[in-house]
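Undergrad: Predicted model, plus sequence, below.
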Amino acid sequence: MRKLILLLLLLCVTVPGFSHTINYQLDRISDSDVFGKYLVLGFQHIIPLGVDHILFILCVFFLNTDIKKIILQASMFTVAHSITLGLAMYGIIKPPTNIVEPLIAFSIVFLALENIFSTKVKPWRMVMVFLFGIVHGMGFAGALSQLGMPQYAFATALISFNVGVELGQLTIILFMYFLVAKTVSKNLWYRKVVVVPASLLIALVAGYWTIERIFFIS
């Protein structure tokens, strides 16, 4: 538990609030390489670059140790962000960064606080995860816009990026499941010693990002 708290503190100090923004310059690649290239980029957007998205997934994880329910919530998140990512990349919507970025951080604060004050997953949490996924998808769109999308394989790149993001999320979930849920979650002290302190720390980190993004994004 101490190692987990130290890791989160380190992320807070060393990673800027815009942690999910990717700054890549891509050369033109062949059609056959597009899927693999953007699959890797989508994965990297979560691990190691997407600290805010990692914290969001950790919030989903901590309130429930049932692996099926955790993956279901993560999948709802993926479906939601895939919708807005696609709409944004096709130019149908144009989400304003100065609103989207603070909302992404606030979504993490919200789930972290729910983990502290709730002892089980309530039905409406799925709705909230889906709605927050819509917001995060707009953030993904900003990252992909900086990347540049190959017009000759636009749909392929978009789909493979989403698949990479989902694989990144599943990697975090499975890692935490075998590291934490399978080993200590059955202990009576699990919630008091692990869930509440970790969620509190996440809320503080994301709260700082929220304030930072409100006042420093123009």
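TA: Thanks, I have it.

Undergrad: Low-confidence stretches in this protein?
TA: Along the chain, the parts satisfying pLDDT under 70 run over 1-32, 217-218.

Undergrad: correct me, but His53 touches Val135?
TA: No - taking CB atoms under 8 Å as the contact criterion, His53 and Val135 are not neighbours in contact, 11.4 Å apart. C-beta: built from backbone N, CA, C; applies to glycine.

Undergrad: Tell me which of these two has more neighbours.
TA: Just comparing His53 and Val135: by other CB atoms under 10 Å the higher neighbour count belongs to His53, 25 against 20.

Undergrad: Spit out the contact partners of that one.
TA: The contact partners of His53, taken as CB atoms under 8 Å, 6 or more residues apart in numbering, are 20, 45-46, 136, 165, 168-169.

Undergrad: That one in helix, strand or coil?
TA: The three-state label given to His53 by DSSP: H, G, I helix; E, B strand; the rest coil is helix.

Undergrad: Quick check: the gap between it and Ile92.
TA: The spacing between His53 and Ile92, counted by CB to CB, to the nearest Å, is 23 Å.

Undergrad: Buried residues in stretch 195-203, which are they?
TA: Residues of stretch 195-203 classed as buried by neighbour count (16 or more other CB atoms under 10 Å): 195, 197-199, 201-203.

Undergrad: Settle this for me: Pro150 is touching Asp33, isn't it.
TA: No - here Pro150 lies out of contact with Asp33, judged by CB under 8 Å, at a distance of 9.7 Å.

Undergrad: More neighbours: which of those two?
TA: Ranked by neighbour count (other CB under 10 Å), Pro150 and Asp33 place Pro150 first, with 18 against 12.

Undergrad: Give me the phi and psi for that one.
TA: Per-residue torsions, Pro150: phi -70, psi 120 (degrees, to the nearest 10).

Undergrad: Can you tell me, leaving aside adjacent residues, what's nearest to Leu85?
TA: With sequence-adjacent residues excluded and distances taken as CB to CB, 6 or more residues apart in numbering, Leu85 is closest to Gly137, at 4.2 Å.

Undergrad: Could you do Ser145 as well?
TA: In this structure, Ser145 finds its nearest non-sequential neighbour in Met89, 7.6 Å apart by CB to CB, 6+ apart.

Undergrad: Burial check on the one you found, number of neighbours?
TA: Applying other CB under 10 Å, we find 20 residues neighbouring Met89.
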